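J.: A structural model of the following input is requested.
(2 chains)
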Amino acid sequence: MEKLTQEFALRTMPDFATSSPFNIIFEDLYYRVEVGKDREKKSVLKGIKGTFKSGELTAIMGPSGAGKSSLMNILTGLTKSGVSGKIEIGKARKLCGYIMQDDHFFPYFTVEETMLMAATLKISNQCVSLKEKRTLIDYLLNSLKLTKTRQTKCSNLSGGQKKRLSIALELIDNPAVLFLDEPTTGLDSSSSFDTIQLLRGLANEGRTIVCTIHQPSTNIYNLFNLVYVLSAGRCTYQGTPQNTVMFLSSVGLECPPYHNPADFLLECANGDYGDQTEALAEAAKDIRWRYDQQLMQGEDADAPSETQVAKFNESQSPGQVQVQVQKIEIQNMESSKDLTKHTYPPTEYMRLWLLIGRCHLQFFRDWTLTYLKLGIHVLCSILIGLFFGDSGSNATKQISNVGMIMIHCVYLWYTTIMPGILRYPAEIEIIRKETFNNWYKLRTYYLATIITSTPVHIIFSTVYITIGYLMTDQPVEMDRFVKYLLSAVVVTICADGLGVFLGTVLNPVNGTFVGAVSTSCMLMFSGFLILLNHIPAAMRFMAYISPLRYALENMVISLYGNQRGQLICPPTEFYCHFKNAVTVLRQFGMEDGDFGHNILMILIQIAIFKVLSYFTLKHKIKTN
Amino acid sequence: MADNAVQAQPNGLGPQKQKALELHFSQVSYSLKGATKGSTPIINEACGVFKSGRLTAILGPSGAGKSTLLNALAGFKLQGVTGQFLLNGRPRDIMSFRKMSAYIAQNFVMLNLLTVEETLRVSTDLKMPSSTAAQEKQKIIDDIIDILQLQSCRRTLVKNLSGGEHKRLSIGIELVTNPPIMFFDEPTSGLDCVGSYQVICHLQRLAHDGRIVVCVVHQPGSRLFQLFDDVLVLAHGEVLYAGEQREMLPTFAQSGHICPQYYNPADFALEVCSQSSTTERCESLITQNKMMHSTASNVVKLQVDEETALIDVHKDALDLSHLRGKEQVGFWTQLSVLLRRHLRSMSRDMFAVQMRLVMHVVVALLLGVVYWQIGGDAQKIVSNVSCLFFVILFVFAGNAMPSILLCMQDSAVFIREYYNGWYSLGAYYLSKVLADLPLQLTCPTMFISIGYFMTGQPPEFQRFAMCWALCVMTAFIGHFIGVIAGSLFTMQLAIFLVPSATIPFLLFSGFFIRLNELSWFLRPICDVSFFRYIFEGLMRAIYGYDRGELECYATSNFCYYRTAEQFLKDFQMEGNEFDWDMAVLGIFLILLLLAFFVTLNAVIRRALR
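T.: Residues are numbered from 1 along each chain as shown, chains lettered A, B, ... in the order given. Below is the predicted model:
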């Protein structure tokens, strides 16, 4: 079984070394940014060049401010403006994966669920069946030592496990190029070594892997194929880890005994032994530092003495053994492969469907919030029903009945707009990672969340309104109830749209304040606190943009319009002013109300809020 | 005599004049309380010595017990800890040891909106005795800034500091009391090699000035490692080596662990730790270290035999709450320092403050235009009641919602400072309440001042004052409901609970239905709904107290509610009982203040669990 798993997994991972190579070549690369109030241009990268080859694990190193992150962002495509020079990255950038420094996952999903969701989003079911995807996932989890954690929730993973899960997620569709930003930050020494060793193995399979790292230990340092050192925006070393000591010696810098060559290299680049940037940058142009020591010995007449070579080899022995072991393992696996199979991503519609499923799962996993909200809705509805009693049919309580309608609107609006403000800020990091790595398009995700949240709002408001409707003895006619309910539902969805918009424009604190204020203003112009015809003419335009006004009017029309019969006048009352339903409509100036027109106005506002929210969310994702 | 003392100590942070300190520990073990018998202890018979003037590093892989050992040595862990701790040859008193030592955690939080100098000033004001002169405090602040090289960012906000500067400032805060013993848990985590080097250089300087400085470090670089004077290597709860840094590699070599030439000694030590602890070579290291330190402890063993019984008795009486540091200044000093800090932080977040003020003014103007001069018109008396209802809803919601998210922005700082004995819970609580007071008073005042006169309410000072008082009371009640909800529940839940709980209470305000029309089992809710008393108070303020007849502008010259008294009677709000309404609201406010105090206690207990 295990052999079969390995054999299959390798079939979905073609050896890129034998097909077209994905080398990354950049030349005369400059990057300038504007600094300070006078917008002075500052050069971050100053005409650097280099080649990152497939089948190699490359480390970008350097002190702070050297330009490591800038170079990484330029190569991944995150940074575009201010860049000049020639960049050549094999084929399309869509074959790249970028693993950021911080790991973000949805906390309620297990490792296996996260992997399966990513697999279905990245690979279409038509070329790889679900069963085959599970086999692939088993292989990846086993390779990255995550098999024991497959049933663990992502929130319970350790730092090293989270890092490996991030790598596993991006390996699902077998990218040719992998970028990692400081993959060992936050990990301990053994986790760091395991992670870099894993990356080395992945590179040996033919991938191009580039990562930034600072201050690696010697055994980790020796695992890299190529070290690319930046200092003050220039390349000060481009070669193998094993050549570091000799490289520095060639410019007169001797590495002390019991000193990590990586540390010494960074100290020289940092100017701790005088400003060596010019000398190092000049010496770094020599291409021979990229090649093994044996080749250099053959070419150079001044070969180092045997004593020096022996000492150097001794310091490399622990890492070297590890590398050899890894290579042997890879060769064994490669010998068992046969034909390859091409994979392609699913259509965007399929991704939409998958994201809807994920959103539903996520929503109901958080049972505390979901069921508690529903319970509170039921409780409040019952309380309000008890409060207003038989106001639906009692002619003496019709003013109160309209007040009840207003309370329903305010309750649904408030309890929907406030959570909406907090929805996207909580998971914006995950969205940013997944959209950047081409898991899906942002509009697909946005549409999925709308499709998921809308039924929830419909269910919640339906439960709430139905209980209140029946408890207060409203007219039991289906068409009235449906119209009444429809008005409540659309105003709830409108509140969600406004809440999401405020949440993506402002920070949560200011968002809640503006939400409370805007709700009060809309309430002022709803037509209940003050009749619309009592408002000065100059201010009446405000009523046209208040969704609460349209909802209130529609709900009143539903109950009292369309030739409703007379209401019941209790025997104890001599005269009932509102016995005729039309009197209520006249009292509130809603005699000429048009139900369809009002619904249309709310729907237009829903559309406006949803579209605006999409663009503000997009803007928020692009900016940090 | 005083002059001589000043001259003897020109530099407050200068080298220690007292005799050198030496912290000796032996046979230190720690096990989890619930662990079954025979399970591997987290720390097993650790021994070593920390000396003044030496910078010590504790090395080891993850799970080796480094932080546990540091916490045991610093005195933060008592339950489950056994062993001897000698300070200059005498058993240490845990309380005085806690007072003379400082512990800086890995994630040291500070308020983002204060400058470096202001942060240090708060530390000096709260941690030094009240008798300290202001000049002396300023000198200490200047010395700390000099020692840690923070001159260039003296006036920089904490949120704009780099990682290294942030670390150095956290050291500076604890340096205020000039502790002779300092413990650091991973002071270089999150920093790059330059920042790490700078921080350790400063720690070395602190140590060489005559202090004991101990750090847990995680994979230090080659040059960084050479800054340390002493090293303690921990693996699987066992100490492999405790002694001079220069002697570590020779000691390892004697046991067969030879470090390659181009290797970082710290990395090599970690590799030795990663090997199985059952190997003979590791065993010899452990045994050798125990023998060396056992010999040293024998010298002072005789002196402490008599006091062993006292230690045991004393230890049983201690628990976590007793470890809280002692406050150094009085209540009113604590209050004034905290109050000043709160107000300064608020003044730096001007966007939020300005937006709230502007919004209150804009909505007040809007209210005035919509309800223009409606207060004196008998025909529109029902609309005026709606206007009063709107005022209540706006003031309450505008204060409750933002407070949910604002309340715990500084909770992490509060917990750390409270636990270190900077101030009492009462002082923090009162400063929190008082600091929000200006905004709580200003916003409703501006709102009601504009809205009251634009809507044509009666221009009598007494009535205006009543309305103002009710608005302020509404703002306070809303604010504390938001603060309490935000403290007790998660953000998502609190943001939903506050509207869903308060809107039903709004029903019982008396605006929607006459109170006598309510079902009998619902009437008690009216008595506990603060909205009822607010609304009732506003109605009485406007229409009570001999308001008399209203002007009737209707064309037919007939107005149903011509007299204010009749109107109040219909709402069952007759009687000049504004004082009663105000008193009940006062009781509500007191109850909310008490609930906030209880909430703070709950937050502390939850954090220290």
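J.: where in the stretch 51-200 of chain A is pLDDT low?
T.: In the predicted model, the stretch 51-200 of chain A carries pLDDT under 70 at residues A:89-95.
J.: So which bits of it are right by chain B?
T.: When proximity is defined by C-beta under 8 Å from any C-beta of the partner chain, the stretch 51-200 of chain A lies next to chain B at A:63-64, A:188-192. C-beta coordinates here come from the backbone N, C-alpha and C atoms, glycine included.
J.: Could you check how many residues crowd around the residue of the stretch 51-200 of chain A found nearest chain B?
T.: Using C-beta to the nearest C-beta, the point where the stretch 51-200 of chain A gets nearest to chain B is A:Asp188, with a distance of 3.6 Å. By other C-beta atoms under 10 Å in any protein chain shown, 19 other residues sit near A:Asp188.
J.: go on, A:Lys153?
T.: Using other C-beta under 10 Å: A:Lys153 sits among 17 other residues.
J.: Identify the residues contacting the residue lying closest to it once chain neighbours are set aside.
T.: Nearest residue to A:Lys153, sequence neighbours excluded (C-beta to C-beta, 6 or more residues apart in numbering or on different chains): A:Thr110, at 5.7 Å. Counting by C-beta atoms under 8 Å, 6 or more residues apart in numbering or on different chains, A:Thr110 touches A:150-154.
J.: what's the answer for A:Cys255, then?
T.: A:Cys255 touches A:244-245, A:248-249, A:261, A:264, B:262, counting by C-beta under 8 Å, 6+ apart.
J.: Can you say which of those residues are buried?
T.: A:244-245, A:248, A:261, A:264, B:262 (16 or more other C-beta atoms under 10 Å in any protein chain shown).
J.: need the strands for the stretch 151-300 of chain B, in chain order.
T.: B:181-185, B:212-216, B:230-235, B:238-244 (DSSP state E, counting those that start in this stretch).
J.: Kindly export the last one (C-alpha atoms) in PDB.
T.: Below are the C-alpha coordinates for strand B:238-244, written out as PDB (Å, rounded to 0.1, in the frame of the first residue of the first chain):
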ATOM      1  CA  GLU B 238      19.100  18.300  33.100                       C
ATOM      2  CA  VAL B 239      21.900  20.800  33.400                       C
ATOM      3  CA  LEU B 240      24.700  19.700  31.100                       C
ATOM      4  CA  TYR B 241      27.000  22.600  31.900                       C
ATOM      5  CA  ALA B 242      27.000  25.600  34.200                       C
ATOM      6  CA  GLY B 243      30.100  27.800  34.200                       C
ATOM      7  CA  GLU B 244      32.200  30.100  32.200                       C
END
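J.: That strand: which residues count as buried?
T.: Result for strand B:238-244 [16+ other C-beta under 10 Å]: buried residues B:238-243.
J.: how about the helices in the stretch 201-350 of chain B?
T.: Secondary structure of the stretch 201-350 of chain B by DSSP state H, counting those that start in this stretch: the helices cover B:222-226, B:248-254, B:265-274, B:280-304, B:308-317, B:331-348, B:350-370.
J.: could you check whether the helix or strand harbouring B:Ile477 is close to chain A?
T.: In the assignment (DSSP states H and E), B:Ile477 maps to helix B:461-488. No. Using C-beta under 8 Å from any C-beta, helix B:461-488 never reaches chain A; the gap is at least 9.1 Å.
J.: Same question for stretch B:502-512.
T.: Yes. Judged by C-beta under 8 Å from any C-beta, stretch B:502-512 comes into contact with chain A at B:503-504, B:506-508, B:511-512.
J.: Compare the residues you listed and tell me which is most surrounded.
T.: Highest neighbour count within these, by other C-beta under 10 Å: B:Leu507, with 27 neighbours.
J.: Roughly how far does it sit from B:Ile513?
T.: 8 Å (C-beta to C-beta, to the nearest Å).
J.: what do you get for A:Ala537?
T.: From A:Ala537 across to B:Ile513, the span is 32 Å (C-beta to C-beta).
J.: neighbour count winner among these two?
T.: Neighbour tally, A:Ala537 and B:Ile513, criterion other C-beta under 10 Å: the higher count belongs to B:Ile513, 21 against 7.
J.: sec struct for the more buried one, please.
T.: When classified by DSSP: H, G, I helix; E, B strand; the rest coil, B:Ile513 comes out as coil.
J.: list the contacts for it?
T.: A:387-388, A:397, A:400, A:403, B:507.
J.: Go again with 6 Å.
T.: A:Ser400 (C-beta atoms under 6 Å, 6 or more residues apart in numbering or on different chains).
J.: can you pull the pLDDT of it?
T.: In this model, B:Ile513 is scored at 74, pLDDT.
J.: got it, and B:His314?
T.: 41.
J.: do the same with B:Tyr533
T.: Looking at B:Tyr533, the pLDDT reads 91.
J.: Equivalent analysis for A:Phe22, please.
T.: At A:Phe22, pLDDT is 61.
J.: Pull the number of nearby residues for the residue nearest to B:Leu388 when sequence neighbours are not counted.
T.: Nearest residue to B:Leu388, sequence neighbours excluded (C-beta to C-beta, 6+ apart): B:Leu538, at 4.7 Å. Residues near B:Leu538, counting by other C-beta under 10 Å, number 27.
J.: quick one: the spatially most central residue of chain A from A:Pro547, how far?
T.: Centroid-nearest residue in chain A: A:Ile431, 1.7 Å away (criterion: C-alpha atoms, centre = their mean). Counting by C-beta to C-beta, the separation of A:Ile431 from A:Pro547 is 28 Å.
J.: What of A:Arg586?
T.: Applying C-beta to C-beta to A:Arg586 and A:Pro547 gives a distance of 24 Å.
J.: before we move on, the earlier item: got TSV for the helices of the stretch 201-350 of chain B, with mean neighbour count and distance to chain A too?
T.: Shown next, in TSV, are the helices of the stretch 201-350 of chain B (neighbours: other C-beta atoms under 10 Å in any protein chain shown; distance: least, C-beta to the nearest C-beta, whole Å):
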stretch	mean neighbour count	distance to chain A
helix B:222-226	22	4
helix B:248-254	17	7
helix B:265-274	22	4
helix B:280-304	15	16
helix B:308-317	11	33
helix B:331-348	17	13
helix B:350-370	17	5
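J.: mean pLDDT for these: which is lowest?
T.: Mean pLDDT, when computed for each of those, is lowest for helix B:308-317, at a mean of 41.
J.: Using the three-state scheme, assign A:Lys80.
T.: Following three-state DSSP, the label given to A:Lys80 is coil.
J.: Next, give phi and psi for residue 454.
T.: The chain I'm using is chain A. The phi/psi pair for A:Thr454 (degrees, to the nearest 10) reads phi -60, psi -50.
J.: wrong chain, I was asking about chain B
T.: phi -70, psi -30.
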